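Colleague: Sequence and computational prediction follow.
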Amino acid sequence: MSNTYKDSYESRNNGPDKADLLMQSYLQSKGYEEYKDYLRIGTDPKVNKLDLFWYATDILLIPDYIVVEHGYIWFVEVKGTLRLKASDFHKIMEMHWKGCKYKEVKVGLLYFRNKDAAPKYYSAEYLAEIWKDPRFETHYYPELDFKGNKKAYKILPESYKG
């Protein structure tokens with residue numbers, strides 16, 4: 001049985017990160033080598049048990065993966081859900097703001113629906129359009145963030161042809 005957004009934080013982070021495993025499998029299927037073609041650098045609450053860890057994730061600005069492909073360097077958040085948290089959106093936008101002055105830099109999100117489906121890329125520009133579009137309603141997770149605030153998210157359209 002897979003975890004859902006309705007499960008507790010502890011329950012959701014108790015098993016393997018399926019999206020991360022699918023990303024690693026995807027990169028290996030393309031013949032990419034870690035430390036040569038890509039870096040897995042994102043913070044992972046399933047691995048990191050550091051006290052006060054959430055301060056680090058709030059301050060650090062690093063993607064889940066960096067991939068070099070076809071003359072571009074991609075800064076990618078990896079997701080196994082179409083729910084994009086506000087905190088992840090803002091991190092993507094800040095990376096995009098820093099990277100947009102370089103034509104070789106791409107920032108966005110790679111969504112893995114399941115092991116049999118091709119991953120879907122959502123560019124930072126497209127995510128910004130969705131975030132300000134009133135047709136995409138803001139939802140809230142049942143738990144609060146480490147500061148005691150509601151955790152907002154939007155549901156990305158699966159039909160996007162990015």
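Modeller: Yep, it's here.
Colleague: do you know how far the residue lying closest to Asp64 once chain neighbours are set aside is from Pro157?
Modeller: Excluding the flanking residues, the one nearest Asp64 by C-beta to C-beta, 6 or more residues apart in numbering is Gly42, at 3.5 Å. (C-beta placed from N, C-alpha, C; glycine too.) According to C-beta to C-beta, to the nearest Å, Gly42 and Pro157 sit 24 Å apart.
Colleague: Look at those two and report which has more neighbours.
Modeller: For Gly42 versus Pro157, neighbours defined as other C-beta atoms under 10 Å are more numerous around Gly42 (18 against 15).
Colleague: Count the residues that sit near the closest residue in space to Gln24 that isn't next to it in sequence.
Modeller: Using C-beta to C-beta, 6+ apart and skipping the chain neighbours, the partner closest in space to Gln24 is Arg40 (7.3 Å). Per other C-beta under 10 Å, the neighbour tally for Arg40 reads 17.
Colleague: what residues are up against Arg40?
Modeller: Applying C-beta atoms under 8 Å, 6 or more residues apart in numbering, we find Arg40 in contact with Asp20, Met23, Gln24, Glu34, Asp64, Tyr65.
Colleague: rewinding a little: next up, identify which helix or strand the residue nearest to Asp64 is on.
Modeller: For Gly42, there is no helix or strand it lies in under DSSP states H and E.
Colleague: Compute the number of surrounding residues for Lys98.
Modeller: 13.
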